[in-house]
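Enquirer: okay, sequence plus prediction incoming.
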Amino acid sequence: MADTHPDPLQRPLPDGIVPAEVVARTEKRWLGVMVAMLIVMMAVVVLTGMTHAISPPSNVETIDPTTLHLGGEFAESNLGTAQERDGSLTTRLVGGQYGFTPECTKVAADTPVKFRLTSMDVIHGFLLPSTNVNTMVVPGFVAEVRTRFARPGIYRMPCNEFCGAGHHGMWARVSVVPKDQFQSLAPTERSSCVQQ
Ligand code: CUA
């Protein structure tokens, strides 16, 4: 009789015990499924990064949050939108409890726009609905996001990281104006739209 074989490994398995080779085959299949999922997810990250400029934060640039107002890139006179030599725009903002400075920025449609942001206190979030702009604004770091607005309009930007009691009221605006209209504005009118 097989179930009295002197070697226990040679005896038939009791009911409910799955043979080792079946376990190994099932594990191999699941391993294959997981590797395939990883490949798909990596492909999504790479493809969306290349085709839609949606990419995980990779710009590690540090800054001292305690001296932002004293000088350098994020001094008050540098905030808002500036035009680069190549015609592209750079918009600089500082987040703080509970607002962005400047509260309204102006940019041109159909133009490459680079947002550079930092925080003076805690972590804030910067999100422009219907665009690829969505980043954390972490004190000590400069967040950089590149985009291009296809249509003029007012884009409201909520702070989307909980930052304290006034978080829900931390909103600002990006006013996107037609390209030709933007060019006819005076430099002070281009940098922000706070007075409007
Ligand atoms: Cu700032 Cu939430």
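Expert: Happy to help now that I have it. Residues are numbered from 1 along each chain as shown.
Enquirer: helices along this protein, start to end?
Expert: Along the chain, counting by DSSP state H, helices occupy 20-52, 179-183, 187-191.
Enquirer: which stretch among those comes nearest residue 165?
Expert: Among those, helix 187-191 comes nearest to residue 165, with 30.4 Å by CB to CB. For glycine as for every other residue, the C-beta is placed from the backbone atoms N, C-alpha and C.
Enquirer: okay, buried residues for the closest one please.
Expert: Judged by neighbour count using 16 or more other CB atoms under 10 Å, the buried positions of helix 187-191 are 190, 191.
Enquirer: okay, which residue is most central for this structure?
Expert: Nearest residue to the geometric centre of the chain (CA atoms, centre = their mean): residue 135, 3.4 Å.
Enquirer: give me the distance between it and the ligand.
Expert: With distances taken as CB to the nearest ligand atom, to the nearest Å, residue 135 is found 13 Å from the ligand.
Enquirer: give me the low-pLDDT residue ranges for this structure?
Expert: 1-3, 53-59, 195-196 (pLDDT under 70).
Enquirer: what about 90?
Expert: Low-confidence segments of the chain, defined by pLDDT under 90, span residues 1-21, 45-73, 75-80, 82-84, 87, 129-132, 140-141, 179-196.
Enquirer: got the residues of it near the ligand?
Expert: For the chain, the residues found near the ligand under the criterion CB under 6 Å from any ligand atom are 98, 124, 159, 161, 162, 163, 167, 170.
Enquirer: now, of those, which are buried?
Expert: Burial by neighbour count, judged by 16+ other CB under 10 Å, picks out 98, 124, 159, 161, 163, 167, 170 from the residues of the chain next to the ligand.
Enquirer: isn't the last one right up against residue 98?
Expert: Yes. The pair residue 170 and residue 98 qualifies as a contact (CB atoms under 8 Å) at a distance of 4.4 Å.
Enquirer: circling back: closest to residue 83 out of the helices of the chain?
Expert: Closest approach to residue 83 among the helices of the chain (CB to CB): helix 187-191, 6.9 Å.
Enquirer: quick one: contacts of stretch 83-98?
Expert: Outside stretch 83-98, the residues within contact range by CB atoms under 8 Å, 6 or more residues apart in numbering are 68, 73-74, 78-82, 100-102, 105, 107-108, 111-122, 124, 126, 137, 159, 163-164, 166-167, 169-170, 172, 174, 190.
Enquirer: CA-only coordinates of that stretch in PDB, if you can.
Expert: Extracted in PDB, the C-alpha atoms of stretch 83-98 (Å, rounded to 0.1, in the frame of the first residue of the first chain):
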ATOM      1  CA  GLN A  83       9.500  86.900 -19.300                       C
ATOM      2  CA  GLU A  84      12.700  85.000 -20.300                       C
ATOM      3  CA  ARG A  85      14.800  85.900 -23.300                       C
ATOM      4  CA  ASP A  86      13.400  83.000 -25.300                       C
ATOM      5  CA  GLY A  87       9.900  84.300 -24.700                       C
ATOM      6  CA  SER A  88       8.900  81.700 -22.200                       C
ATOM      7  CA  LEU A  89       7.500  82.800 -18.800                       C
ATOM      8  CA  THR A  90       8.600  82.000 -15.300                       C
ATOM      9  CA  THR A  91       6.200  82.600 -12.400                       C
ATOM     10  CA  ARG A  92       7.500  82.600  -8.900                       C
ATOM     11  CA  LEU A  93       5.200  82.200  -5.900                       C
ATOM     12  CA  VAL A  94       5.600  81.800  -2.200                       C
ATOM     13  CA  GLY A  95       3.100  79.900  -0.100                       C
ATOM     14  CA  GLY A  96       2.500  80.700   3.500                       C
ATOM     15  CA  GLN A  97      -0.300  80.200   6.000                       C
ATOM     16  CA  TYR A  98      -2.800  81.000   4.500                       C
END
